[in-house]
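Colleague: Based on what follows, work out the 3D shape:
(one chain, ligands or ions: 1)
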Amino acid sequence: MPAPQLVWFRNDLRVADHRALAAAAAAGPVHAVFLKAEAQWAAHGVGANRLAFLERNLRALAAALGVLGIPFTVLEAPRFRDAPGTLLPWAQAQGATALHFNDEYPLNERRRDDAVARAFAQAGVAVHRYTDSVIAAPGTLKTGQGGPYTVFTPFKRRWLATLDLSSAAPLAPPDPQGPVRPLGPALEEAMTLAGAAASAVPAKLWPGGEGEAHRRLTEFLAEAALRYDSQRDFPAVTGTSTLSPYLSLGVLSPRQVLSALLAAFPDALEGSGGPSIWLSELIWREFYRHVVAAFDHVSKGEAFRPAFADLPWRQDPEGLAAWKAGRTGLPLVDAGMRELAATGWMHNRVRMAVAMFLTKNLLIDWHLGEAHFMDQLVDGDFAANNGGWQWSAATGTDAAPYFRVFNPVTQSQRFDPEGHYLRRWVPELAGLDARSIHEPWRYAGGPKAYPKPLVDLKASRERAIAHFKAHAAG
Ligand SMILES: Cc1cc2nc3c(=O)[nH]c(=O)nc-3n(C[C@H](O)[C@H](O)[C@H](O)COP(=O)(O)OP(=O)(O)OC[C@H]3O[C@@H](n4cnc5c(N)ncnc54)[C@H](O)[C@@H]3O)c2cc1C
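Modeller: Here you go, the predicted model:
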């Protein structure tokens with residue numbers, strides 16, 4: 001029996017187009033492993049909704065590996081620092097000669113992976129690392145000065161100019177290496193994640209597995225992609241793909257997405273319509289991963305822009321609690337926060353609006369919003385979440401300038417003109433017409449059960465701009 005090739009699965013829970021799995025399977029029989037790092041996930045603020053989604057996808061992966069005859073082991077390594085001491089003895093007990101895994105980019109993940117690679121190298125077990133969760137590997141796209149990009153548009157231009165479609169072609173899953181393996185009660189038990197039980201988001205909203213991810217991709221390309229440019233900002237419309245949870249956990253790869261997009265819309269790389277704009281969003285996803293890989297201070301919780309590193313924020317526990325509960329009295333903000341609580345997901349336009357409201361109108365520290373999102377989101381992803389929060393707070397790479405403060409009333413008037421989204425998530429407002437629903441306090445005081453606005457939008461906007469301006473200048 002040849003020595004097994006070990007594949008360490010992390011946020012790449014699929015068998016098709018998995019760079020590490022494909023390379024390992026080409027070298028010999030594969031044994032797959034996953035490390036349960038529950039204490040580390042808790043330290044990273046990963047919440048129950050995400051853990052429940054992770055557990056469903058872990059079970060789907062185990063079943064897919066079982067069909068391929070690939071043994072799968074789940075080990076406990078509560079903190080990332082436990083990874084080398086857990087993996088190496090286990091690998092040695094299997095008589096393994098090689099470990100394969102796909103790279104991850106936040107600082108703690110890189111440190112974990114480097115420590116594992118060092119321990120294995122010292123023990124004489126080969127380590128092979130792959131670029132998998134992005135199409136362009138971090139570090140390969142450089143500005144004219146040779147540094148990493150901090151502005152999206154030139155990054156995107158370079159990304160497109162260097163795109164090599166042949167190396168971005170998705171790989172098939174490996175051939176079966178033996179008869180189907182039943183999962184067995186020990187593996188079933190090992191895949192249970194303690195923190196997942198607290199999730200109140202119905203599992204049927206986000207089924208696990210590669211089949212579901214591809215179903216969503218196919219449906220989006222057939223139905224909404226062509227109109228993405230005109231519909232993506234309207235939260236009452238199913239105008240976006242809802243693929244973010246699947247992409248962030250690697251149930252779907254960006255190469256699979258790109259290849260399906262180009263099969264459906266061969267002009268997507270050049271054009272300016274819906275499919276091309278959608279491709280830009282996938283490039284934003286890569287941009288934030290490159291930022292995290294290049295700038296360690298982002299992973300340490302620091303503002304990207306030094307000018308705003310120690311901006312003083314308001315201490316306002318009641319305002320924060322009202323924001324989290326969707327009881328700010330601003331309908332769009334409340335609808336978004338309630339959508340998040342009920343589904344573990346929020347429409348992008350509304351994410352921007354609630355984040356702007358927290359960091360500008362309430363002047364509450366973006367870290368608190370970032371942490372709440374991480375606690376609630378099914379698609380919670382460090383790079384995208386941090387990028388989105390720092391964009392909204394004006395502290396990030398290529399962020400919205402601090403004086404561009406979204407007004408949640410004009411945002412919903414523009415992007416939910418009939419109030420369908422507001423009525424769906426804020427039932428207290430269901431009886432209001434399309435004019436009054438955006439600012440119910442202006443019309444005979446609004447419904448009794450609904451709070452008055454937490455802040456005056458105009459005054460709080462001016463306060464925020466003055467605050468940022470004084471700090472930027474000082
Ligand atoms: C404050 C804030 C926090 C966010 N937190 C997250 C997060 O934790 N995880 C996450 O995946 N996205 C996050 N986003 C980005 C974006 O809101 C979601 O990716 C998007 O709403 C997911 O819906 P979709 O899959 O239907 O997207 P589509 O519109 O169908 O886009 C396709 C894919 O592109 C990627 N994408 C789209 N927009 C962005 C973006 N602005 N930045 C990075 N990638 C993007 C996602 O992978 C998405 O699935 C955040 C945005 C903001 C403003």
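
Colleague: Excluding sequence neighbours, find me the nearest residue to the closest residue to the ligand within the stretch 1-150 of the chain.
Modeller: Of all residues in the stretch 1-150 of the chain, the one sitting closest to the ligand is residue 50 (9.2 Å; Cβ to the nearest ligand atom). Using the backbone N, CA and C atoms, a C-beta is placed for each residue, glycine as well. Nearest residue to residue 50 in three dimensions, chain neighbours excluded: residue 380, at 4.8 Å (Cβ to Cβ, 6 or more residues apart in numbering).

Colleague: Quick check: that neighbour touching residue 373?
Modeller: Yes. Here residue 380 lies in contact with residue 373, judged by Cβ atoms under 8 Å, at a distance of 6.6 Å.

Colleague: so which helix or strand takes in the residue of the stretch 301-450 of the chain found nearest the ligand?
Modeller: Ranked by Cβ to the nearest ligand atom, the top residue of the stretch 301-450 of the chain for proximity to the ligand is residue 388, at 2.4 Å. Using DSSP states H and E, the element containing residue 388 is helix 382-393.

Colleague: I'd like the next helix or strand past that helix.
Modeller: Later in the chain than helix 382-393, the nearest helix or strand by DSSP H and E is helix 408-415.

Colleague: Low-confidence regions, the chain specifically.
Modeller: Judged by pLDDT under 70, the chain has its weakly predicted residues at 473-474.

Colleague: sec struct for the nearest residue in space to residue 325 that is not next to it in sequence, please.
Modeller: With sequence-adjacent residues excluded and distances taken as Cβ to Cβ, 6+ apart, residue 325 is closest to residue 337, at 7.1 Å. Here residue 337 is helix, with the state taken from DSSP: H, G, I helix; E, B strand; the rest coil.

Colleague: Can you get me a residue count around residue 337?
Modeller: Number of residues near residue 337 (other Cβ atoms under 10 Å) recorded here: 27.

Colleague: Residue 324 now?
Modeller: Applying other Cβ under 10 Å, I find that residue 324 has 18 neighbouring residues.

Colleague: okay but it is in contact with residue 372, surely?
Modeller: Yes. Applying Cβ under 8 Å as the test, residue 324 and residue 372 come out as touching, 5.8 Å apart.

Colleague: Quick check: neighbours shared by those two?
Modeller: Residues touching both residue 324 and residue 372 (Cβ atoms under 8 Å, 6 or more residues apart in numbering): none.

Colleague: so after the longest strand along the chain, what's the next helix or strand?
Modeller: Ranked by residue count, the top strand of the chain under DSSP state E comes out as strand 30-36. Proceeding N to C from strand 30-36, the next assigned helix or strand is helix 38-43, under DSSP H and E.

Colleague: Give me the buried positions along that following helix.
Modeller: 38, 40-41 (16 or more other Cβ atoms under 10 Å).

Colleague: Output the contacting helices and strands for the following helix or strand past it.
Modeller: Next helix or strand after helix 38-43 toward the C-terminus (DSSP H and E): helix 48-67. Under the contact definition 3 or more Cβ pairs under 8 Å, 6 or more residues apart in numbering; DSSP states H and E, helix 48-67 sits against strand 30-36, strand 72-76.

Colleague: related to what we said a few turns ago, identify the residues contacting the residue nearest to residue 50.
Modeller: Here residue 380 is in contact with 46-47, 49-50, 248, 373-374 (Cβ under 8 Å, 6+ apart).

Colleague: Tell me the backbone dihedrals of the most centrally placed residue in the chain, please.
Modeller: When Cα atoms, centre = their mean is applied to the chain, the residue found nearest the centroid is residue 381 (3.2 Å). When read as degrees, to the nearest 10, the backbone of residue 381 gives phi -140, psi 120.

Colleague: I'd assumed residue 248 was in contact with it.
Modeller: Yes. With contact defined as Cβ under 8 Å, residue 381 counts as touching residue 248 (3.9 Å).

Colleague: one step back: give me whichever of the helices and strands packed on helix 48-67 is most buried.
Modeller: Using mean count of other Cβ atoms under 10 Å, the stretch among those with the greatest mean number of neighbours is strand 30-36 (a mean of 22).

Colleague: before we move on, back to that, identify the farthest-apart pair in the contacts of residue 380.
Modeller: 47 and 248 (13.4 Å; Cβ to Cβ).

Colleague: Identify each buried residue in stretch 80-88, please.
Modeller: Quick answer for stretch 80-88 (16+ other Cβ under 10 Å): 80, 82-84, 86-88.

Colleague: Can you add secondary structure and distance to residue 278 and give these back as TSV?
Modeller: Output for these, formatted as TSV (DSSP: H, G, I helix; E, B strand; the rest coil; distance: Cβ to Cβ, whole Å):
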residue	secondary structure	distance to residue 278
80	helix	34
82	helix	40
83	helix	36
84	helix	40
86	helix	40
87	helix	38
88	helix	42
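
Colleague: Report how many residues lie close to the residue of the stretch 1-150 of the chain closest to the ligand.
Modeller: Residue 50 sits with 29 neighbouring residues when counted by other Cβ under 10 Å.

Colleague: Give me the nearest residue to residue 117, chain neighbours excluded.
Modeller: Of all residues not flanking residue 117 in the chain, residue 127 sits nearest, at 4.5 Å (Cβ to Cβ, 6+ apart).

Colleague: For that neighbour, list the residues it contacts.
Modeller: 98-101, 116-117, 120-121 are the contacts of residue 127 under Cβ under 8 Å, 6+ apart.

Colleague: who touches residue 409 in this structure?
Modeller: By Cβ under 8 Å, 6+ apart, residue 409 lies in contact with 330, 332, 438-439, 457.

Colleague: Tell me which of the helices and strands packed on helix 48-67 approaches residue 162 most closely.
Modeller: strand 30-36 (31.4 Å).

Colleague: what packs against the closest one?
Modeller: strand 5-9, helix 19-27, helix 48-67, strand 72-76, helix 83-93.

Colleague: could you give the angle of it to helix 83-93?
Modeller: Strand 30-36 and helix 83-93 meet at an angle of 150 degrees, taking axes from the mean of the first three to the mean of the last three Cα atoms, to 10 degrees as the criterion.
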